[in-house]
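Asker: Sequence plus predicted model, see below.
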Amino acid sequence: MTDHCGALPEGPVSAPPPWWKTAVVYQIYPRSFAEGSARTGDHAADGVGDLRGIIEHLDHIAWLGADALWLSPIFTSPMADFGYDVSNFCDVDPLFGDLGDLDDLVAEAHRRGIQVILDWVPNHTSIEHPWFQESRRDRTNPKAAWYIWRDTPPNNWNAAFPRGDTAWLLDDTRGQYYLRSFCKEQADLNWDNPDVEAAMLDTLRFWLDRGIDGFRMDVVHMIGKDLTADDPPEAVAKQIPHVPFNDVEVTHERLRRIRSVLDGYPGERASVGEVYLLDEDAMSRYYGDNDELHLSFNFSFLWAEPTPASFRERITTTLAHLERVGGWPTWALSNHDVPRHRQRHGRDERLARITALLLLTLPGTPFLYQGEELGLLDAEIADEAMIDPGRRDGCRAPIPWTAEPNHGWPTSPWLPFAPEAEHRNVATMTNDTTSIAHLYRELVHLRARSPSLQTGSFSWVGSTSRGVEGGGVEDGGSDGEGFSDGEVLAYHRGDEWTVVANFGSASVELDTFGLNLRSVLATGLQPLQGRIVPGFSGVIARRD
Ligand code: NOJ
């Protein structure tokens, strides 16, 4: 071996982490992202975003530095729940384009190094799906047992939409009740029937064969159910839907079989499950023994109060449970189902900047929801004007691309824009280096350059040992420093970084958190002021 060939690596070479561990994922809600101009030639502009629109705006996602995009449903659907009521799992709804457009989108995304995750909806189908059409015909047809039919409702479960309605609906044709955990147009599939499971696994193979990199799995904790278990009567009286109570063992076997399908394909095909259980212990079990979900959403963190104490508790609990199962965390603050976090957190952009710092420096995979990089609020829509059965229209407002009227959309979009679109739009904010969009971009790029931020250890400031992959998460403050009990949350990532999030009004000294720290990026608008972290701001600092 000559010198110019370089030295052989010593010892075992560790494989690079899979993409879904190091990625920043950007969620696209296709109806509201962008409507393609290329498509309007043969298809009159209708104000609904589509796949061509996404292709035309992929450079924004590349500019931000996201490594993967998750497309909310694009499959054929009557749109009673805006695509979560699927009538054909193996085609694209004409509203969004066609299979060719999707292939182009995947190719264009891959050309930019961006992975593509599709939304797969395994718990239910549209009642217009041919499977349900056949199933409802009578009690003896070949698909008679593909859905969950009973002569009388066997439990007290509530549906999600509209709130408080029973989950069991009488179908006049068949003369029996069917379970629908969401809208009346969404019938729950009967996963106890092996034919259903086989058919659904085939739908995964269809997309995997087309080169899709992974799936976000809609309410995947619901593919197993115990119909004999009533929900707590107090919860039913409060109109709480059944969804957060559904947690049964058989689902795990099914997830292992789903995982085997993904593992049978080359590359790292990934799953992220929507496990809507508001308890980190229960949620963490859906990772199995590294043989169920690759990732699971973590709704306890999403719903945390925006205070240091609350974030600290949720982060500590999450990391402890995931360490137990060897699972990789995810972090998200917004999505298409909940009011945007700036809206929920009191509208102050300074707080939205601090939470961006947390989201992008915690150990795990961050999921961003389109428009949060603009600091968007929800659109203001009168109750009677809402069109979503779950009244989630506000957070689904269209992305404003420019400052002009219609904000870059070819025609007035299907929902009104959020307030402040005259300056909270992509063109204005990407031209302003002090904007929150630039902060997101700098954080995403810093993370991409730093293995310590991607996969390095984590510990609260004040703890003596640390490690996410290795040594576990130590509860800081045991030596009395207690930085996060008050207004400040502070943690280390690897030996390199310290993150300080100051939720209070008073400045804090950076030196309090470690020796020789030097701010590299601050969330505030002021230039870095030596070793000070001003009130209502955060910094990521490097050890000199
Ligand atoms: C969760 C999805 O995120 C939501 O939008 C949908 O209404 C329900 N699942 C039902 O599919």
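Answerer: Perfect, thanks for sending it. Residues are numbered from 1 along each chain as shown.

Asker: contacts, neighbours, all on C-alpha from now
Answerer: Fine.

Asker: now the helix ranked longest in the chain, how far from the centre of its chain.
Answerer: As assigned by DSSP state H, the longest helix anywhere in the chain is helix 308-325. Centre-to-centre, helix 308-325 and its host chain are 18 Å apart (C-alpha atoms, centre = their mean, to the nearest Å).

Asker: just stretch 425-444 next, same as before
Answerer: Distance of stretch 425-444 from the chain centroid (C-alpha atoms, centre = their mean) equals 21 Å.

Asker: Quote the end-to-end distance of it.
Answerer: 19 Å (C-alpha to C-alpha, to the nearest Å).

Asker: Other residues contacting that stretch?
Answerer: 24, 63-66, 353, 356-357, 360-361, 373-375, 399-403, 407, 423, 521, 523, 525 (C-alpha atoms under 8 Å, 6 or more residues apart in numbering).

Asker: Please identify the buried residues of it?
Answerer: 425-430, 435-441, 443-444 (16 or more other C-alpha atoms under 10 Å).

Asker: Which of these fall within helices?
Answerer: Among the buried residues of stretch 425-444, DSSP H puts 426-430, 436-441, 443-444 in helices.

Asker: possible to save these as TSV with distance to the ligand?
Answerer: Shown next, in TSV, are these (distance: C-alpha to the nearest ligand atom, whole Å):
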residue	distance to the ligand
Val426	25
Ala427	29
Thr428	30
Met429	28
Thr430	29
Ile436	26
Ala437	25
His438	28
Leu439	27
Tyr440	24
Arg441	26
Leu443	27
Val444	25
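
Asker: I'd like these as CSV, with pLDDT appended.
Answerer: Putting those into CSV (pLDDT from 0 to 100) gives the following:
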residue, pLDDT
Val426, 98
Ala427, 98
Thr428, 98
Met429, 98
Thr430, 98
Ile436, 98
Ala437, 98
His438, 98
Leu439, 98
Tyr440, 98
Arg441, 98
Leu443, 98
Val444, 98
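
Asker: Can I get the residues you listed in a markdown table including distance to Asp247?
Answerer: Below are those laid out as a markdown table (distance: C-alpha to C-alpha, whole Å):
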| residue | distance to Asp247 |
| --- | --- |
| Val426 | 41 |
| Ala427 | 45 |
| Thr428 | 46 |
| Met429 | 43 |
| Thr430 | 44 |
| Ile436 | 39 |
| Ala437 | 38 |
| His438 | 41 |
| Leu439 | 39 |
| Tyr440 | 36 |
| Arg441 | 38 |
| Leu443 | 36 |
| Val444 | 35 |
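
Asker: from those, which is closest to Asn158?
Answerer: Among those, Tyr440 lies closest to Asn158 (C-alpha to C-alpha), at 39.2 Å.

Asker: how near is the closest one to Phe297?
Answerer: Separation of Tyr440 from Phe297 (C-alpha to C-alpha) stands at 21 Å.

Asker: Touching, Ile148 and Leu189? I think so.
Answerer: Yes: shown here, Ile148 and Leu189 form a contact pair, counting by C-alpha atoms under 8 Å, at 6.5 Å.

Asker: of these two, who's got more company?
Answerer: Remark: of Ile148 and Leu189, Leu189 carries more neighbours, 27 against 21, as counted by other C-alpha atoms under 10 Å.

Asker: Next, the contact list for the nearest residue to Glu422 once chain neighbours are set aside, please.
Answerer: Nearest non-adjacent residue to Glu422, counting by C-alpha to C-alpha, 6 or more residues apart in numbering: Ala403, 4.9 Å away. Contacts for Ala403 (C-alpha under 8 Å, 6+ apart) come out as 421-423, 425, 427-428.

Asker: for Pro389, same thing?
Answerer: So Pro389 contacts 80-81, 161-162, 183 (C-alpha under 8 Å, 6+ apart).

Asker: where does the residue in the stretch 51-200 of the chain that the ligand sits nearest to land on pLDDT?
Answerer: Closest approach of the stretch 51-200 of the chain to the ligand (C-alpha to the nearest ligand atom) occurs at Tyr84, with a separation of 4.5 Å. Per-residue confidence (pLDDT) for Tyr84: 98.

Asker: Which strands or helices does the host helix or strand of Leu204 pack on?
Answerer: Using DSSP states H and E, Leu204 falls within helix 194-209. The contact analysis (3 or more C-alpha pairs under 8 Å, 6 or more residues apart in numbering; DSSP states H and E) places helix 194-209 against strand 88-92, helix 250-263.

Asker: Try it again at 7 Å.
Answerer: Where contact means 3 or more C-alpha pairs under 7 Å, 6 or more residues apart in numbering; DSSP states H and E, helix 194-209 is packed against strand 88-92.

Asker: angle of the strand it packs on against helix 194-209?
Answerer: Angle, strand 88-92 to helix 194-209, by axes from the mean of the first three to the mean of the last three C-alpha atoms, to 10 degrees: 20 degrees.

Asker: what does strand 88-92 rub up against?
Answerer: Strand 88-92 is contacted by residues 74-76, 98-99, 129, 203, 206 when judged by C-alpha atoms under 7 Å, 6 or more residues apart in numbering.

Asker: now it, how far from the centre of its chain.
Answerer: A distance of 22 Å separates the centroid of the chain from that of strand 88-92, by C-alpha atoms, centre = their mean.

Asker: hmm, it touching the ligand?
Answerer: No: judged by C-alpha under 6 Å from any ligand atom, strand 88-92 and the ligand are separated, with a smallest distance of 13.4 Å.

Asker: So which bits of the helix or strand following that strand are buried?
Answerer: Next helix or strand after strand 88-92 toward the C-terminus (DSSP H and E): helix 99-111. Applying a neighbour-count criterion of 16+ other C-alpha under 10 Å, one finds 99, 101-102, 105-109 buried in helix 99-111.

Asker: ok, residues contacting helix 99-111?
Answerer: By C-alpha under 7 Å, 6+ apart, the residues outside helix 99-111 that reach it are 51-52, 55, 91-92, 115-116.

Asker: Leaving out sequence neighbours, find the closest residue to whichever residue of the stretch 301-450 of the chain sits closest to the ligand.
Answerer: At 5.5 Å from the ligand, Asp337 is the closest residue in the stretch 301-450 of the chain, using C-alpha to the nearest ligand atom. Leaving out its chain neighbours, the residue that sits closest to Asp337 by C-alpha to C-alpha, 6+ apart is Arg392, at 5.8 Å.

Asker: Where in the protein is the helix or strand with the lowest mean pLDDT?
Answerer: Sorting the helices and strands of the chain by mean pLDDT, DSSP states H and E puts helix 37-40 at the bottom, at a mean of 74.
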